[in-house]
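Novice: Have a look; sequence and predicted model below, questions after that.
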Amino acid sequence: MSIFKNYINGEWVAADNAISNINPSNTNDIVGEYARAGQSQTLDAIAAAEDASKTWRYSNIQARFDALDFIGSEILARKAELGELLAREEGKTLPEAIGEVARAGQIFKFFAGETLRIQGDMLASVRPGVTVDVTREAVGVVGIITPWNFPIAIPAWKIAPALAYGNTVVIKPAELVPGSTWALTEIISRAGLPNGVFNMVMGAGREVGQTLLDDPRVNAVSFTGSVGTGSRVAAACSARNAKYQLEMGGKNPLIVLNDADIDNALGCALNGAFFSTGQRCTASSRLIVEASVYDEFTEKLHAQVAGLKVGDALAEGTQIGPVVDQRQLDQNQKYVDIGKQEGANLLCGGELLERETPGFYMAPALFADTNNDMRINREEIFGPVATVLKANNLDEAISLANDTDFGLSAGICTTSLKSSNHFKQMSRAGMVMVNLPTAGVDYHVPFGGTKGSSYGSREQGRYAAEFYTTVKTAYSLA
Ligand code: TXE
């Protein structure tokens, strides 16, 4: 089997070692062998990016538009094929995977347009005859470190703005799912970018990732992943004054009030908590239900969760794919045990499932009668596990919703304008949803959270300019 190579300075470069990319729906199926770089290849990629940055930062915006537009168009044209690869390596269902690929294409198209809209300010000075202009400039070399749960959309929403604003890139994808980023890289390699502007190095976090964090030539790091690794990124970058941006976990609440459209609320809960196998930072993992509808809501949700079809990500009719790997499956199982020990009422799920092929299949788990002090309500599980909590009224529900170390997304289901407005104002999350699942966002508006969920400026939309540019203030006397 040939080995998929790293992409450094416009060349495909082999490495001494490789990592097997395994299909979580069928562990006998090897998606491919992917090069595993060490420190020296990472340093080569950084050197190439630094060199290319000297000219790319001044590059013509039409050239940037053309490259990003080409990439976006090809991703969209190949969404079925790339979606199949994504579903095969990550385990989300084929429709979810195709949707994610389409999202990646749309993001490149959006940032193609943004290259033509880079704005500044011109102001009068307080000194006679002087003018002041404020312009946005590239930061330089951007290191991008991505997780396994969105193997093409997250790389896209970091790479596209980085390039649009004139930065050069070294990206390290998650070890578990290098295939989608490799395929994206292959498209980028044909987009007409000068050598070194974009580099992709696959390998371990502690080797490739850590090298990116520690190298003084990397001017900024954009990271999505776990809280623990996020803290390492923060420590390494702040020690050398590099700019950094973190997107980490969530423990997102969805409030259901007694005036909610119950069918819509059930749909929001089912989608938000369990789709993508619950492996989303925006997953609705805490369902906070007003007392008078608690029994009805919980009973109906239980029936729906128990009826979800778990299976091979590529099979037609599968609603919930496998968990991504053995380690994540072990983590999910551990939390199911913790929930039981804490006295939560496991209504259904949690057990391992056997399917035609060996894979990491788990029945979606729903806990009722939980309280917000339980570990299953405080720690991110990152799997198909949700809890139900009871609240006596809106204010208690909001206080439970805000009582968390995280603050990424929060939702409410209600038909009351007054209640939804109050919630939007009082929620401490970075994204709030009314009558919608906590997961599922648009690509042209800011994404990010508060507290332990995020650090730094927002990703996506025009707000991405905050991270990927630095501001220059120029004074002139005519
Ligand atoms: O994350 P890591 P993992 C949570 C989720 C999951 C857990 C572990 O709970 O079970 O994190 O997942 C790179 N220097 N989330 O192991 O380790 C790593 O190679 C530099 C939630 O995937 O944080 C990968 O590319 N980089 C989250 C990236 O960091 C390092 C999404 C993320 O890996 C590094 C993902 C180091 N020392 C996981 N060590 C969400 N909420 O969206 C690792 N990396």
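Specialist: Sure thing, it's come through. Remember, it's a predicted structure, so these values are computed and weren't measured experimentally.

Novice: Can you pull the domain assignment for this structure?
Specialist: Per automatic domain parsing, the structural domains of the chain span 3-248+453-477, 252-434.

Novice: can you map out the helices along the stretch 351-478 of the chain?
Specialist: Counting by DSSP state H, counting those that start in this stretch, one finds helices in the stretch 351-478 of the chain at the ranges 375-378, 394-402, 417-426, 465-468.

Novice: Nearest to residue 165 among the ones you listed would be which one?
Specialist: helix 465-468 (4.3 Å; C-beta to C-beta). All C-beta spots, glycine's among them, are computed from the backbone N, C-alpha and C.

Novice: can you list contacts of the closest one?
Specialist: Residues from elsewhere that reach helix 465-468 (C-beta atoms under 8 Å, 6 or more residues apart in numbering): 114, 118, 136, 138-139, 142, 161-162, 164-165, 167, 220, 222, 243, 245, 456-459.

Novice: now do 6 Å
Specialist: 161-162, 165, 167, 245, 457 (C-beta atoms under 6 Å, 6 or more residues apart in numbering).

Novice: for stretch 156-170, same thing?
Specialist: Residues outside stretch 156-170 that contact it (C-beta under 6 Å, 6+ apart) are 45-46, 49, 52-53, 56-57, 64, 68, 104, 107-108, 111, 114-115, 138-139, 141-144, 197-199, 222, 459-460, 464, 468-469.

Novice: And for stretch 325-344?
Specialist: For stretch 325-344, the external contacting residues (C-beta under 6 Å, 6+ apart) are 176, 323, 346, 350, 360, 362, 365, 367, 370, 374-376, 381, 383, 385.

Novice: With stretch 300-308 instead?
Specialist: With C-beta under 6 Å, 6+ apart as the criterion, stretch 300-308 contacts 266, 269-270, 319-320, 347-348, 364, 366.

Novice: Helices - which of those residues land there?
Specialist: When those are checked against helices (DSSP state H), the matches are 266, 269-270.

Novice: Using ChimeraX, define a selection of the buried residues within those residues.
Specialist: The buried subset of the ones in helices among the contacts of stretch 300-308, as determined by 16 or more other C-beta atoms under 10 Å, is captured in ChimeraX by this line:
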select :266,269,270
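
Novice: quick check, distance from stretch 248-266 to the centre of its chain.
Specialist: Taking C-alpha atoms, centre = their mean, to the nearest Å, the mean C-alpha location of stretch 248-266 is offset from the chain mean by 21 Å.

Novice: ditto for stretch 262-275
Specialist: Averaging C-alpha coordinates over stretch 262-275 and over its chain gives two centres that are 20 Å apart (C-alpha atoms, centre = their mean).

Novice: what's the answer for stretch 2-17, then?
Specialist: Going by C-alpha atoms, centre = their mean, where stretch 2-17 is centred and where its chain is centred differ by 25 Å.

Novice: Tell me the buried residues in it?
Specialist: Along stretch 2-17, the positions that meet the burial threshold by neighbour count (16+ other C-beta under 10 Å) are 4-9, 13, 15.

Novice: farthest-separated two in those residues?
Specialist: Comparing every pair within the buried residues of stretch 2-17 by C-beta to C-beta identifies 4 and 9 as the most remote, at 17.4 Å.

Novice: just the residues of the stretch 251-400 of the chain that are near the ligand, which are they?
Specialist: If contacts are counted using C-beta under 6 Å from any ligand atom, the residues of the stretch 251-400 of the chain sitting beside the ligand are 281, 328, 331, 380, 382.

Novice: All set, thanks.
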